[in-house]
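Asks: missing the sequence, but the structure's below:
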C-alpha cells in the first residue's frame, strides 16, 4: 500500500518530465521538418508550414513517439 501511495504521489512529476521530453523531441522534429521542406510549395503556391497536417481531420493528436526514436 505504501509503494502505491508513493507511486501516486510521484506520478505528476513523472508525467511532467515525460511531457517536457516529448516537447523537446517535437521541437527538434519540427526544426528538421522545416529544414527539409523549406523549398516545398503546394499546388496553390503556398509554402509548407512546419507542423501542419497533410490531413484535414480537425482534431489534434500527438505524433507517435516511435517517430522520434533513433534507429540503432
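Replies: Sure thing, it's come through. The structure displayed is predicted, hence computed values, not measured ones.
Asks: Which residues belonging to the helix or strand hosting residue 27 are considered buried?
Replies: Assigned by DSSP states H and E, residue 27 belongs to helix 2-36. Neighbour-count burial for helix 2-36, counted by 16 or more other Cβ atoms under 10 Å, picks out no residue. For every residue, glycine as well, the C-beta is placed using N, CA and C.
Asks: Just checking the distance from it to the centre of its chain.
Replies: In terms of Cα atoms, centre = their mean, to the nearest Å, the centre of helix 2-36 is found 10 Å from the chain centre.
Asks: With stretch 30-38 instead?
Replies: Taking mean C-alpha positions (Cα atoms, centre = their mean), stretch 30-38 and its chain are 14 Å apart.
Asks: Other residues contacting that stretch?
Replies: Applying Cβ atoms under 8 Å, 6 or more residues apart in numbering, the contact partners of stretch 30-38 are 48, 50, 51.
Asks: mean confidence for it?
Replies: Looking at stretch 30-38 alone, the average pLDDT works out to 87.
Asks: Same check on stretch 42-55?
Replies: 74.
Asks: ok, residues contacting it?
Replies: Counting by Cβ under 8 Å, 6+ apart, 30, 31, 33, 34, 37, 38, 40, 41 sit against stretch 42-55.
Asks: Please point out which parts of it sit buried.
Replies: Those would be residue 48, for stretch 42-55 by 16+ other Cβ under 10 Å.
Asks: So which residue is dead centre in the protein?
Replies: By Cα atoms, centre = their mean, the chain has its centre lying nearest to residue 26, at 3.7 Å.
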